[in-house]
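Q: give me coordinates for this.
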Amino acid sequence: MQELINEIVESQVPWMVLSVALIMFIIKLQNDKMLELGKSMARLVLLYEGHDKQASEIHQEITYIKEWCIGRTGDSICKP
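A: This next block holds a predicted model:
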């Protein structure tokens with residue numbers, strides 16, 4: 001039994017097992033980070049979509065007010 005342990009210790013097997021474990025850990029860590037990055041990007045897209053919708057609504061309101069002012073006073077500054 002001692003001979004088998006000595007052969008394993010002196011061979012490359014422990015380093016190979018350690019290398020495989022390290023590679024698996026790095027891949028798992030990278031996948032977790034990629035998943036987190038994907039979620040963050042999805043949140044950002046939704047945030048931009050909400051911002052664009054709000055900006056469009058504001059533009060429509062400003063256009064309506066400007067047209068109302070021009071129609072009422074003949075001036076886009078809308079002086080009373």
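
Q: what's the longest helix in the protein?
A: In the chain, taking DSSP state H as the definition, the longest helix is helix 13-73.

Q: now do it: distance to the chain's middle.
A: 5 Å (CA atoms, centre = their mean, to the nearest Å).

Q: which regions of the protein sit below the pLDDT cut-off?
A: In the predicted model, the chain carries pLDDT under 70 at residues 75-80.

Q: mind doing that once more with 80?
A: Scanning the chain for pLDDT under 80 picks out 1, 4-15, 70-80.

Q: how much space between residue 9 and residue 2?
A: 10 Å (CB to CB, to the nearest Å). Quick note: C-beta positions are derived from backbone N, CA and C, even for glycine.

Q: neighbour count winner among the two?
A: residue 9 (9 against 6; other CB atoms under 10 Å).

Q: what strand or helix carries the more buried one?
A: Taking DSSP states H and E as the definition, one finds residue 9 inside helix 2-10.

Q: touching that helix from outside, list them.
A: residue 14 (CB atoms under 8 Å, 6 or more residues apart in numbering).
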